[in-house]
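Novice: predicted model and sequence follow; I will ask about them next.
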Amino acid sequence: MILFCAGIAAFGQTTVKPKNPKYDAELAKRLGGDAMGLRSYVLAILKTGPKDAEIPAADKPKIFQGHFANMQRLAKEGSLVVAGPFADPERKFRGLFILNVKTVEEARKLVETDPVIKSGMMIAELVPWYGSAALLEVNNIHERIAQENP
């Protein structure tokens, strides 16, 4: 009986989470991180659009050139955190944007500026996402490690 009571007493106790000795309050504030270092974003999952097959092959390089220019513009503005293509041989899933916005509506306005979306070559499925605030530093680091621009 004593063992059972001790178990109940231990179960009722709350554990204190240890503080991170490397915590940088200034950095966390600048990146908008919460107590766990996380923040809200919106994922834009790019999929093959309804007009992809109708667009002449000769027009696609120009559309993609505009797509890359748009991504660079959004990244410089701080709106596009991460972008990249999917390796989907069936070409259903084409790419991903992680957008530094709080709402799907804000994300929609940004993706609608992209030539691949405007042309109907791709569509964007928008999903709220909660991830590391450290992602906001990716573009700063990427500039220092990329030898070529797209």
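Specialist: Noted; the coordinates are in hand. Source: prediction; values computed, not measured. Numbers count the residues shown, from 1 in each chain.
Novice: in this structure, which spans are strands?
Specialist: Secondary structure of the chain (DSSP state E): strands at 38-48, 80-85, 93-99, 122-132.
Novice: what's the spacing between Tyr23 and Arg91?
Specialist: 44 Å (Cβ to Cβ, to the nearest Å). From N, CA and C alone the C-beta is placed, and that goes for glycine too.
Novice: quick one: closest of the strands of the chain to Asn139.
Specialist: Smallest distance to Asn139 across the strands of the chain (Cβ to Cβ): 7.1 Å, for strand 80-85.
Novice: and that closest one, what's buried?
Specialist: Using 16 or more other Cβ atoms under 10 Å as the test for burial, strand 80-85 gives Leu80, Val81, Val82, Ala83.
Novice: excluding chain neighbours, what is closest to the third one?
Specialist: In this case it means Val82. Nearest non-adjacent residue to Val82, counting by Cβ to Cβ, 6 or more residues apart in numbering: Ile98, 4.3 Å away.
Novice: got a list of what the spatially most central residue of the chain touches?
Specialist: With distances taken as Cα atoms, centre = their mean, Ile98 lies nearest the centre of the chain, 1.9 Å away. Shown in contact with Ile98 (Cβ atoms under 8 Å, 6 or more residues apart in numbering): Tyr41, Val42, Leu43, Ala44, Leu80, Val81, Val82, Ala83, Trp129, Gly131, Leu135.
Novice: hey, what's the third one bridged with?
Specialist: When you say that, I think you mean Leu43. Ile98, Val127 (DSSP bridges).
Novice: tally up the residues packed near it, please.
Specialist: Counted by other Cβ atoms under 10 Å, the residues lying close to Leu43 total 18.
Novice: check contacts around it.
Specialist: By Cβ under 8 Å, 6+ apart, the residues touching Leu43 are Leu96, Phe97, Ile98, Leu99, Leu126, Val127, Pro128, Trp129.
Novice: of those residues, which pair is most distant in space?
Specialist: Leu96 and Pro128 (14.4 Å).
Novice: roughly how far apart are Leu126 and Leu136?
Specialist: With distances taken as Cβ to Cβ, Leu126 is found 19 Å from Leu136.
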